[in-house]
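Undergrad: here's a sequence, model it:
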Amino acid sequence: MNHNSLKFLFLFTLLSGMFITISSNSWLSAWMGLEINLLSFIPLMSNSNNIFTTEAALKYFLIQALASSILLFIVISKSLIESIFTIINPSITSIMISTPLLMKSGAAPLHWWFPSVMEGLSWNNCFILMTIQKISPLMLISYMINFNSFMTFIIILSVMIGAIGGYNQTSIRKILTYSSINHMGWMLTAMLMGENMWILYFTIYSFLTLTIIMIIHPFQISFINQTHLINNDNKIMKFLLFSSLLSLGGLPPFLGFLPKWMIIQFMVMNWSMIVITLMVVFSLITLYYYLRISYSAFIMLNNEPSWSYYLNNENSKILILSLPLTSISILGLISTAFINIF
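TA: As a prediction, this is how the structure comes out:
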């Protein structure tokens, strides 16, 4: 009971730090919110029964503390320089401040810590790291983002590494990690369209990630080949899992295709043909290995092992709760089309 109370306390302070950063009107208060958020997530990551969580928590703390120190140093230096020199290039300032924030959110090429940290976390903490922990830095980046060569480089590199990095992975955690890096490139592009667009993209991404983790968590699956060993009574689980993965990859007519479709239209209208062509090509690579995994799970005929994992009542309820989420993922884009027609 005490352990659960501490979890709720740290989760509350984690969300409080996020809201402080979002609602702040100065860089110092935004930095304070980021620190409160960081120091609340470290105890949630740690688990005395698993040595890998301790290693992941230490790596995460070092990287985030480094990024926070760089951000604070840049903000203080900026205020001192502006008090002496009135003429300063705003594009250089935005690049300098965006760099530690991109490191915090795990965008390429500042992503080297992300896969190893994800591999040592529980599924609940994986969801927090991929979604809630990215809200604060992404919101700060959206305040100053410009369509310059630096941001174009970050977008293309994030999409490229997210696609190529997950190609030969068998760990579901690492596949979701590289998928998150790929989606970071799309989210940064959505920021160029306006605040509402990237929030819509992030909401749909978080929704699909939650759906996948709610399906995986009851079975304690960590690798793709473990999905083939689940007993044959749970064929519906395979369908829910892989349809959600395909939606996360952006396959039409699933819901995950909707925000990508809107971004493609915007980039084409603004004559950014080279950038959007590269983004679409690398997203097709991401979709290819999702399809490859899905085909092997749906088509392969395998015998049910005698030691197969069976669900208890509590886990069965969690799986039933994931059914409406998956239904929205599958039928969301089709429903939107019918709404527009009528």
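Undergrad: how about residue 110, secondary structure?
TA: coil (DSSP: H, G, I helix; E, B strand; the rest coil).
Undergrad: residues of stretch 171-180 that come out buried?
TA: The neighbour-count check on stretch 171-180 (16 or more other Cβ atoms under 10 Å) flags 172, 173, 174, 175, 176, 177, 178, 179, 180 as buried. Every C-beta, even on glycine, is put in place using the N, C-alpha and C of the backbone.
Undergrad: can you check stretch 51-69 too?
TA: 53, 56, 57, 59, 60, 61, 63, 64, 67, 68.
Undergrad: so of those residues, which ones are in helices?
TA: Residues of those located in helices (DSSP state H): 53, 56, 57, 59, 60, 61, 63, 64, 67, 68.
Undergrad: would you list those in TSV and tack on pLDDT and distance to residue 40?
TA: Shown next, in TSV, are those (pLDDT from 0 to 100; distance: Cβ to Cβ, whole Å):
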residue	pLDDT	distance to residue 40
53	87	16
56	90	16
57	91	12
59	92	17
60	94	12
61	93	12
63	94	16
64	94	12
67	94	16
68	94	14
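Undergrad: need the contact partners of the helix or strand harbouring residue 18.
TA: Here residue 18 sits within helix 2-23, counting by DSSP states H and E. By Cβ atoms under 8 Å, 6 or more residues apart in numbering, the list of residues contacting helix 2-23 from outside reads 29-30, 32-41, 43-44, 128, 132, 135-136, 139-140.
Undergrad: just the buried ones from the residues you listed?
TA: Looks like those have 30, 32-41, 44, 128, 132, 135-136, 139-140 buried, using 16+ other Cβ under 10 Å.
Undergrad: coming back round to it: what about the helix holding residue 18, distance to the chain center?
TA: In terms of Cα atoms, centre = their mean, to the nearest Å, the centre of helix 2-23 is found 19 Å from the chain centre.
Undergrad: what's the next helix or strand along the chain from that helix in contact with?
TA: Once the chain leaves helix 2-23, the next helix or strand it forms, by DSSP H and E, is helix 27-45. Residues from elsewhere that reach helix 27-45, judged by Cβ under 8 Å, 6+ apart: 6-7, 10-11, 13-14, 16-22, 24, 53, 56-57, 60-61, 64-65, 68, 71-72, 75, 97, 104, 121, 125, 128-129, 133, 136-137, 140.
Undergrad: repeat that for stretch 274-289.
TA: Outside stretch 274-289, the residues that reach it (Cβ under 8 Å, 6+ apart) are 152, 155-156, 159-160, 162-164, 166-167, 175, 179, 182, 185-186, 189, 246, 249-251, 260, 263-264, 267-268.
Undergrad: in the chain, which spans are helices?
TA: Going by DSSP H, the chain shows helices at 2-23, 27-45, 51-84, 90-105, 114-119, 123-127, 133-144, 149-165, 172-193, 195-216, 235-249, 257-269, 273-299, 313-341.
Undergrad: in a markdown table: those helices, plus distance to residue 226.
TA: Formatted as a markdown table, the helices of the chain follow (distance: least, Cβ to Cβ, whole Å):
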| stretch | distance to residue 226 |
| --- | --- |
| helix 2-23 | 27 |
| helix 27-45 | 23 |
| helix 51-84 | 18 |
| helix 90-105 | 30 |
| helix 114-119 | 15 |
| helix 123-127 | 13 |
| helix 133-144 | 27 |
| helix 149-165 | 21 |
| helix 172-193 | 9 |
| helix 195-216 | 10 |
| helix 235-249 | 11 |
| helix 257-269 | 28 |
| helix 273-299 | 11 |
| helix 313-341 | 15 |
